[in-house]
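K.L.:
Quick one: sequence and predicted model below, then my questions.
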Amino acid sequence: MTTSSIARAYIGAVSTHDLAPLETLLDDSLDALFAGGHLDKAGWIAALQRLLPVLVRNDIREVFVDGDRACVVYGFVTDTPVGAVTCVELLTVSEGQITSIELLLDRVAFAPVNAALADR
């Protein structure tokens, strides 16, 4: 698989709420960075599972690739009043697996999503 197809498969799996493919798409040594904190593979998958109750789908807008690095820009479409929140994930792929993820988003725009999750 190419870096682009791996990135798309990862975002797509989350979009369809099918996290099973993440077991092979994410390297066991995954380092995921979000909001200044680092998560390992199990922690990242757990964080994604917590988001699924509000996630309708991910709408990929662009995928940029430079060698083993991919930048995925997508709309994290929710069933909350905020609707879609633009997210960017910077991924590093090695030997067919994602070894690092950095998630960038506007935390103020995402706040209503977190509030809805807390209410559910």
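P.N.:
It's in.
K.L.:
elements contacting the worst-scoring helix or strand of the chain on mean pLDDT?
P.N.:
The weakest-scoring helix or strand in the chain, judged by mean pLDDT, DSSP states H and E, is helix 107-119 (a mean of 93). For helix 107-119, the elements it packs on are helix 41-51, strand 69-78, strand 84-94, judged by 3 or more C-beta pairs under 8 Å, 6 or more residues apart in numbering; DSSP states H and E. (Glycine included, C-beta is placed from N, CA and C.)
K.L.:
Packing partners of the second one?
P.N.:
Counting by 3+ C-beta pairs under 8 Å, 6+ apart, the packing neighbours recorded for strand 69-78 are helix 3-15, strand 55-66, strand 84-94, helix 107-119.
K.L.:
Return the set of buried residues in that strand.
P.N.:
Neighbour counts over strand 69-78 (16 or more other C-beta atoms under 10 Å) mark 70-72, 74-78 as buried.
K.L.:
sorry, back to before: tabulate the helices and strands packed on helix 107-119 in CSV, adding columns for mean pLDDT.
P.N.:
Formatted as CSV, the helices and strands packed on helix 107-119 follow (pLDDT from 0 to 100):
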stretch, mean pLDDT
helix 41-51, 97
strand 69-78, 98
strand 84-94, 98
